[in-house]
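Visitor: Next comes the sequence, and after it the predicted model I'd like to discuss.
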Amino acid sequence: MLRLSKLTDYAVVVLIRLSSGAAVQTVPQIAQSTGVPEPTVAKVLKALSAAGLVLSLRGARGGYRLTQSLGEIPVSRVIAAIDGPIALTACVEGSGTVCSTQHHCPVSGRWNLVNGAIQTALDNISLGDMAMVAVPRGLRPEMFDRQEAGKELTR
């Protein structure tokens, strides 16, 4: 099973949290609102800052803020910021590792096709897509507007 690290999952949660509320948020604020421990939030934000996804602001009104809107941040960029380049096997180009049976393997280098498809899919899903509320079948998106929700439920 292909599985992302918990830190990548936390990074998505933190980035989505940064898109709501105050423009600049502190580690304790983010930790409290997400339930992710402060040391983990700090670690994630450090990696996201190094990748240029968040900006760290110092001083009394310091904290972190997004450098782009969620719609402009592909999921693949978050994964790469936390877990490094997406590489399914050791023989995928750019994985940085060498397989000991590479010279005798009948599928050597062919995983690039699968890896490329996954990379493309993740490039085409933004954090904005991830943050959208799923609308149950038969309901209209406007029903989820907070002001309209009460009206719809009483009709």
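Guide: Thanks, I have the structure now. Numbers count the residues shown, from 1 in each chain.
Visitor: show me where the chain has strands.
Guide: Counting by DSSP state E, the chain has these strands, from start to end: 54-57, 63-66.
Visitor: which parts of the first one are buried?
Guide: Of the residues in strand 54-57, those buried under the neighbour-count criterion (16 or more other C-beta atoms under 10 Å) are Val54. Backbone N, C-alpha and C define where each C-beta goes, glycine included.
Visitor: Name every strand pairing with that strand and say which way it goes.
Guide: strand 63-66 (antiparallel) (DSSP bridges).
Visitor: for the partner strand, what is the average pLDDT?
Guide: When pLDDT is averaged along strand 63-66, the result is 95.
Visitor: Might you calculate how far that strand sits from the centre of the chain?
Guide: 15 Å (C-alpha atoms, centre = their mean, to the nearest Å).
Visitor: What are the contacting residues of it?
Guide: Strand 63-66 has contacts (C-beta atoms under 8 Å, 6 or more residues apart in numbering) with 15, 18-19, 23-27, 29-30, 45, 49, 53-57, 73.
Visitor: could I get the strands of the chain as CSV with distance to Val41?
Guide: Written out in CSV, the entries for those read as follows (distance: least, C-beta to C-beta, whole Å):
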stretch, distance to Val41
strand 54-57, 11
strand 63-66, 9
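Visitor: Out of the ones you listed, flag the one nearest Asn115.
Guide: Closest approach to Asn115 among the strands of the chain is made by strand 54-57 (27.2 Å; C-beta to C-beta).
Visitor: Tell me which stretches of the chain form helices.
Guide: Under the criterion DSSP state H, helices of the chain are mapped to 6-18, 27-34, 38-50, 75-83, 111-123, 127-131, 146-154.
Visitor: Could you dump the ones you listed into TSV and include distance to Ser100?
Guide: Written out in TSV, the entries for these read as follows (distance: least, C-beta to C-beta, whole Å):
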stretch	distance to Ser100
helix 6-18	28
helix 27-34	42
helix 38-50	31
helix 75-83	23
helix 111-123	16
helix 127-131	38
helix 146-154	58
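Visitor: Put together JSON lines for those, with mean pLDDT, distance to Tyr64 and mean neighbour count on each row.
Guide: What follows is these, written out as JSON lines (pLDDT from 0 to 100; distance: least, C-beta to C-beta, whole Å; neighbours: other C-beta atoms under 10 Å):
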{"stretch": "helix 6-18", "mean pLDDT": "96", "distance to Tyr64": "6", "mean neighbour count": "20"}
{"stretch": "helix 27-34", "mean pLDDT": "95", "distance to Tyr64": "8", "mean neighbour count": "16"}
{"stretch": "helix 38-50", "mean pLDDT": "97", "distance to Tyr64": "5", "mean neighbour count": "18"}
{"stretch": "helix 75-83", "mean pLDDT": "96", "distance to Tyr64": "14", "mean neighbour count": "20"}
{"stretch": "helix 111-123", "mean pLDDT": "89", "distance to Tyr64": "23", "mean neighbour count": "14"}
{"stretch": "helix 127-131", "mean pLDDT": "91", "distance to Tyr64": "15", "mean neighbour count": "16"}
{"stretch": "helix 146-154", "mean pLDDT": "40", "distance to Tyr64": "26", "mean neighbour count": "9"}
